[in-house]
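A.B. asks: Next comes the sequence, and after it the predicted model I'd like to discuss.
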Amino acid sequence: MSDVGIRPARGIWLYPAAGADALVEAVRAADAAGLDEVWVADEGVARDPWVVLAAAARETSRVRLGVGITTPMLRHPGSLGSAAATLDELSGGRAVLGLGVGGTESLGPFGLHADKPVALVRDAIRTARAVVERRRDAGYEPPVHGAPARQVPIHVGAKGEQLNRLASREADGVFLSGFALDALDAPVAWARSVRPVHVGLFASVRFRSDARADPTSLIGAPDSVGAGLAALVQRHRPETIGLALVDGDDPVLMVQRAIEAFAALDAVLGFSSPG
């Protein structure tokens with residue numbers, strides 16, 4: 001048995017470049033394989049993650065469904081709370097809301113930039129949570145027609161220190177991705193600086209052995225990728241270890257490769273694969 005303790009959850013992140021049907025099928029494949037989390041990126045005017053995950057909710061039974069990440073710069077946090085609660089209802093309690101400032105792909109087409117990112121995300125967490133939980137908050141009074149109260153975890157996706165410390169104060173977890181894989185000590189520590197929130201580490205993966213070297217990515221065959229994931233688990237003890245499927249291949253094929261990589265991770269660390 002590994003010395004890293006509890007077997008972390010397994011997750012994948014999907015970039016919404018493929019067709020909507022293919023994305024839904026990839027989520028279904030992840031669920032059928034026993035993966036624990038699927039996140040779909042919100043890149044503004046690409047395929048809409050809420051619509052994809054709502055469709056996938058009826059095609060799956062166990063996998064958690066995360067929007068990761070979405071931005072209050074493009075979607076009002078009240079609307080985000082409503083969408084998260086609705087997805088949670090459709091999926092039987094499997095929704096996760098990932099919040100952040102947003103990147104150039106989502107904000108750039110509109111010429112948007114956040115002047116006060118920490119306050120932006122803090123206020124979005126509070127408003128979205130108030131809507132989901134059907135309770136008063138500054139500037140919000142639950143209306144009669146509001147949806148029933150639910151409990152939806154809110155995770156923050158960010159690279160900066162202050163936003164990750166904010167997550168430790170106010171959110172339920174962090175979605176850490178896009179970092180150099182040898183420079184994760186500080187972000188993980190920031191996320192655990194106030195209270196021990198759920199830490200999800202998602203390494204970009206390129207299964208092509210001839211892919212260009214990238215400090216944020218694991219590169220090569222699934223066995224090699226699995227060994228790289230094992231090293232991250234041993235060093236950081238995340239609650240979720242994940243793969244960001246960034247190559248432009250068929251997302252279902254990418255999920256199959258990710259499953260092989262997770263099996264290699266289990267073999268390295270001596271974990272029993274779930275039945």
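C.D. replies: Great, that's in hand. Residues are numbered from 1 along each chain as shown.
A.B. asks: Going by C-alpha atoms from here, please, whenever you check contacts or count neighbours.
C.D. replies: Noted.
A.B. asks: what number of residues lie near residue 189?
C.D. replies: 16 (other C-alpha atoms under 10 Å).
A.B. asks: If you count contacts, what does the helix or strand that contains it end up packed against?
C.D. replies: Under the criterion of DSSP states H and E, residue 189 resides in helix 185-191. The contact analysis (3 or more C-alpha pairs under 8 Å, 6 or more residues apart in numbering; DSSP states H and E) places helix 185-191 against helix 161-170, strand 173-177.
A.B. asks: Now the nearest residue to residue 206 once chain neighbours are set aside: phi and psi?
C.D. replies: For residue 206, the nearest residue in space outside its immediate sequence neighbours is residue 219; the separation is 4.8 Å by C-alpha to C-alpha, 6 or more residues apart in numbering. When quoted as degrees, to the nearest 10, the phi and psi of residue 219 stand at phi -130, psi 140.
A.B. asks: so residue 219 makes contact with residue 207?
C.D. replies: Yes. With contacts counted by C-alpha atoms under 8 Å, residue 219 reaches residue 207, the gap being 5.6 Å.
A.B. asks: Need the per-residue pLDDT for residue 123.
C.D. replies: Looking at residue 123, its pLDDT reads 97.
A.B. asks: Only alpha carbons, please: show the helix or strand harbouring it as CSV.
C.D. replies: For residue 123, the element it lies in under DSSP H and E is helix 117-133. Presented in CSV, the C-alpha positions along helix 117-133 are these (Å, rounded to 0.1, in the frame of the first residue of the first chain):
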residue,chain,number,x,y,z
PRO,A,117,-10.1,40.5,-9.2
VAL,A,118,-10.1,39.4,-5.5
ALA,A,119,-13.2,41.6,-4.8
LEU,A,120,-14.8,40.4,-8.0
VAL,A,121,-14.5,36.7,-7.1
ARG,A,122,-15.2,37.2,-3.4
ASP,A,123,-18.5,38.9,-4.2
ALA,A,124,-19.4,36.3,-6.8
ILE,A,125,-18.9,33.5,-4.3
ARG,A,126,-21.1,35.2,-1.7
THR,A,127,-23.9,36.0,-4.2
ALA,A,128,-23.9,32.7,-6.0
ARG,A,129,-23.9,30.8,-2.7
ALA,A,130,-26.8,33.0,-1.4
VAL,A,131,-28.9,32.1,-4.5
VAL,A,132,-28.0,28.4,-4.3
GLU,A,133,-28.9,28.3,-0.5
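A.B. asks: which residues are contacting the helix or strand just after it?
C.D. replies: For helix 117-133, the succeeding helix or strand toward the C-terminus, using DSSP H and E, is strand 154-156. Here strand 154-156 makes contact (C-alpha atoms under 8 Å, 6 or more residues apart in numbering) with 69, 96-100, 125, 129, 163-164, 167, 171-175.
A.B. asks: In its sheet, which strands sit next to strand 154-156, and in what direction?
C.D. replies: strand 95-99 (parallel), strand 173-177 (parallel) (DSSP bridges).
A.B. asks: Please identify the deepest-packed of those.
C.D. replies: Across these, the average number of neighbours (mean count of other C-alpha atoms under 10 Å) peaks for strand 95-99, which reaches a mean of 28.
A.B. asks: Test my guess that residue 114 contacts residue 104.
C.D. replies: No. Residue 114 is beyond contact range of residue 104, at 11.2 Å (criterion: C-alpha under 8 Å).
A.B. asks: just to revisit the earlier point, who touches both of residue 219 and residue 207?
C.D. replies: residue 225.
A.B. asks: Now render the strands paired with strand 154-156 as JSON lines, adding mean pLDDT.
C.D. replies: Formatted as JSON lines, the strands paired with strand 154-156 follow (pLDDT from 0 to 100):
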{"stretch": "strand 95-99", "mean pLDDT": "98"}
{"stretch": "strand 173-177", "mean pLDDT": "98"}
